[in-house]
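[1] for reference, the sequence and a predicted model appear below.
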Amino acid sequence: MAYQQPRLDHDSAAFKAAAQAEQELLRAYDLEETEHWFTYEKENLRLRVSEIGTGAPVLVVPGNTGDMFPFIPLIAQMKENKFFLFNRPGGGLSDGMNHQKVDIRPFIIDLFDHLLDELHLDKVTIMAHSMGCHWTLWYAMARPERIEKLVLIGNPGRVMLGKTPLPLKLMVMPVVGEFAVKKMVPKDYDHALNGLKMMGTSEQAMNGLPKAFRECYYRFQNLPYYQESTLSLLRTFNANSTNEIEANELANLNFPVEMIWGVNDTFATVDKGKEIAAAFPNCQFQLIQNAGHMPWLDQPAQVGQLTSDFIA
């Protein structure tokens, strides 16, 4: 029998609480969302895309396991585009995902093909963050004809990383990984933003976020299968170096790229960011002062303006 990926119960209290928290966050930023649902038949995955705004289309590929809500403060700064925010499998309100049960690179390429076809996007600008950048770069390498421009925000996953950092090595170990991911899940609202602090987001920025933002982190990270999705993602990309993206691969991508990097990003140094940017033939590197791995949370107006100008 074929493996069935974890399926979220849309009628459960946990699902409804997460959905409500996200709607409250959208209202806090005066945004309206249209939901698109489709099924990726090869894995029987129910996937969600959140459409916000009007104008030229931009596909948004979130980081971590794929929750779209952290992008809401940035989208609120950008009024000129229609954003399709992809709730990646394992995140958002899409079904859960055991990433170790698929051949990950062919899976991602085929999934993106299906996604763009569902949205009737022949060629599109993609804005991605963190692990979402890694997924996007794999797709861009396979389908450069479907990419208009790329905006890559934060350290872009396992790109030119070299040796696996010790914390990631520990995550792939049996028992240790399970314990670490369990500790990452907030047990109450007071600790809901601890992950942001670890990624270099300032206390001032966190204190300025609406209450609904904290509610979203608490609700989404306590959804069923969040821990399984997170741990399997980390293990898939960090168990060995076979999924590393090398500089010579980036050198073949000729479309315009903008990299936005917070000076306090805790996943890699500024020098590493500049090294990655230099590997692209046509890349602008934007360094954001007083900002972490999600630089738009610290400097929303600046990141919004830089991104809007580049896309335009």
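    Looks like it came in fine.

[2] isn't Met198 right up against Thr266?
    Yes: counting by C-beta atoms under 8 Å, Met198 sits close enough to Thr266 to count as a contact (6.5 Å). C-betas here are computed from N, CA, C, even on glycine.

[3] can you tell me the closest non-neighbouring residue to Gln23?
    Glu33 (7.7 Å; C-beta to C-beta, 6 or more residues apart in numbering).

[4] ok, Arg158 - contacts?
    Taking C-beta atoms under 8 Å, 6 or more residues apart in numbering as the criterion, Arg158 is in contact with His134, Phe237, Asn238, Asn243, Glu244, Ile245.

[5] skipping its backbone neighbours, what lies nearest the fourth one in space?
    So that's Asn243. Asn243 sits nearest to Phe237 (C-beta to C-beta, 6+ apart), 5.1 Å away.

[6] can you tell me the helix or strand for that neighbour?
    Using DSSP states H and E, Phe237 maps to helix 226-238.

[7] residues contacting that helix, please?
    Against helix 226-238 from outside (C-beta under 8 Å, 6+ apart): 6, 64-65, 89-91, 96-101, 104, 131, 134, 157-158, 164, 168-169, 171-172, 177-178, 181-182, 184-185, 220, 243.

[8] just the buried residues of those residues.
    With burial judged by 16 or more other C-beta atoms under 10 Å, the buried subset of the contacts of helix 226-238 is 6, 64-65, 89-91, 96-99, 104, 131, 134, 157-158, 164, 168, 171-172, 177, 181, 184-185, 220, 243.

[9] the residues you listed in strands, which ones?
    Among the buried ones among the contacts of helix 226-238, no member is found in strands (DSSP state E).

[10] output the below-cut-off pLDDT ranges for the stretch 151-300 of the chain.
    164-172, 175-177, 179 (pLDDT under 70).

[11] would you map the strands across it?
    257-262, 283-288 (DSSP state E, counting those that start in this stretch).

[12] now the last one - C-alpha only, CSV.
    By that I understand strand 283-288. Listed next in CSV are the C-alpha coordinates belonging to strand 283-288 (Å, rounded to 0.1, in the frame of the first residue of the first chain):
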residue,chain,number,x,y,z
CYS,A,283,22.3,39.7,-8.3
GLN,A,284,21.7,42.7,-6.1
PHE,A,285,22.7,42.2,-2.5
GLN,A,286,20.8,44.3,0.0
LEU,A,287,22.1,44.3,3.6
ILE,A,288,19.5,45.3,6.2
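
[13] contact partners of that strand?
    Under C-beta under 8 Å, 6+ apart, the answer for strand 283-288 is 256-263, 270, 273-274, 277, 295, 298-299, 302-303, 306, 310.

[14] and the angle for it with strand 257-262?
    20 degrees (axes from the mean of the first three to the mean of the last three C-alpha atoms, to 10 degrees).

[15] quick one: distance of strand 283-288 to the chain centre.
    How far strand 283-288 lies from its chain's middle: 19 Å, per C-alpha atoms, centre = their mean, to the nearest Å.

[16] kindly report the same for the first one.
    In terms of C-alpha atoms, centre = their mean, the centre of strand 257-262 is set 14 Å apart from its chain centre.

[17] tell me what that strand is packed against?
    strand 147-153, helix 270-279, strand 283-288, helix 295-298, helix 300-311 (3 or more C-beta pairs under 8 Å, 6 or more residues apart in numbering; DSSP states H and E).

[18] ok, now with 6 Å
    Secondary-structure packing of strand 257-262 (3 or more C-beta pairs under 6 Å, 6 or more residues apart in numbering; DSSP states H and E): strand 147-153, strand 283-288.

[19] which one of those strands is the most hemmed in?
    Stretch with highest mean neighbour count among those: strand 147-153 (a mean of 23; mean count of other C-beta atoms under 10 Å).

[20] and the contacts of that one?
    123-129, 133, 140, 255-260, 307 (C-beta atoms under 6 Å, 6 or more residues apart in numbering).

[21] between those residues, which is closest to Met78?
    Ranked by distance to Met78 (C-beta to C-beta), the contacts of strand 147-153 are led by Thr307 at 6.5 Å.
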